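> what shape does this take:
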Amino acid sequence: MGAIHNEVVSFQSVDKVYNTGIVALCQFDLSIQEGEFVSFLGPSGCGKSTALRIVAGLGEATRGKVEVFGQNPKDVITKSNDIAFVFQEANLLPWRTVLDNVLLPLELRGLDKAKRKESAIRVLEMVGLKDYLKAYPRQLSGGMKMRVSIARALAAKPKMLLMDEPFAALDEMTRQTLQKDLLDIWKKEKTTILFVTHNVYEAVYLSSKIAVMSARPGRLSTVIDVDLPYLRERVNSKFTEYVDLASNSLEHSMGRKEWG
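The predicted structure follows:
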């Protein structure tokens, strides 16, 4: 509502070439503002996850410049808890309870014992798992495991949440429930979210902005500002218009064969 937002992520003419010679990103430019929910939408292998990993400090640009909170991503990761990552697999430790899995990153950061338990319980309540604190991963469904993974990422109150196709392996009903819950968390926590998906409906439902990427080498094909109110109705004409726009943009981007 008229607020001035700060730029929190900046890709400037970024190339990423792997040792194998694969060009994952080529002249990739994108600016992300504080508090946005940005989905990276594109075909498999177009560099979506590569872009996310560079933001997380898990990889580096071959050429060009990436800044996160005005700094080198690796510096952000080593000096703060401002970035958290949720992968496609929940990656929970099977020998630790739900509560202990969420406590783990807080333990590693040396947080006071009482404070870390308070933080862990707070986020588990937020994701609807307050009755499962003593359960083990083997006792949980796929959707519940992903909720634990999200809670673990949120426990240290990061300013930015990176999510790499976190709902891809879930059934459609579970996926839609978690999408709604994620939006509730986003509004409550005011966290900037970068979300990788190749699902057009998911991108339109979740995002304030969609970065459509071309087929490899990954370039920014177009940016779609999704001007729909939250929470969104999946069955109305405006939603369908954005789905069509994103689908057409994706189709166009996949037709590009620029390998320069």
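> the strands in the stretch 1-150 of the chain, which residues?
7-17, 23-33, 37-41, 63-68, 83-86 (DSSP state E, counting those that start in this stretch).
> residues in contact with the shortest one: which ones?
Meaning strand 83-86. Residues from elsewhere that reach strand 83-86 (CB atoms under 8 Å, 6 or more residues apart in numbering): 52, 55-58, 68, 73, 76-77, 146, 149-150, 153-154, 156, 158-164, 166. No exception for glycine: its C-beta is placed from N, CA and C like everyone else's.
> tell me the strands beside that strand, with direction?
Strand 83-86 has the following strand partners under DSSP bridges: strand 160-164 (parallel).
> what inclination does the partner strand have with respect to strand 7-17?
With axes from the mean of the first three to the mean of the last three CA atoms, to 10 degrees defining the directions, strand 160-164 sits at 40 degrees from strand 7-17.
> so where do the helices sit in this structure?
Taking DSSP state H as the criterion, the chain contains helices spanning 48-55, 73-79, 98-108, 113-126, 142-154, 172-189, 200-206, 237-254.
> quick one: contacts for the residue nearest to Val123 when sequence neighbours are not counted?
Leaving out its chain neighbours, the residue that sits closest to Val123 by CB to CB, 6 or more residues apart in numbering is Ala151, at 4.2 Å. The neighbours of Ala151, taking CB under 8 Å, 6+ apart as the test, are Val102, Ala120, Val123, Leu124, Met126, Val127, Leu129.
> count of neighbours near the fifth one?
What it means is Met126. A count of neighbours around Met126, defined by other CB atoms under 10 Å, yields 18.
> for it, give its distance to Leu154.
In this structure, Met126 lies at 7 Å from Leu154, with CB to CB, to the nearest Å as the measure.
> shared neighbours of these two, which are they?
Contact with both Met126 and Leu154 is made by residues Ile185, according to CB under 8 Å, 6+ apart.
> Thr191 reaches Leu161, doesn't it?
Yes - with contacts defined as CB atoms under 8 Å, Thr191 counts as touching Leu161 at a distance of 5.0 Å.
> higher neighbour count, those two?
Leu161 (23 against 19).
> and that one, bridged to which residues?
Leu161 forms beta bridges with Ala84, Ile193, as assigned by DSSP bridges.
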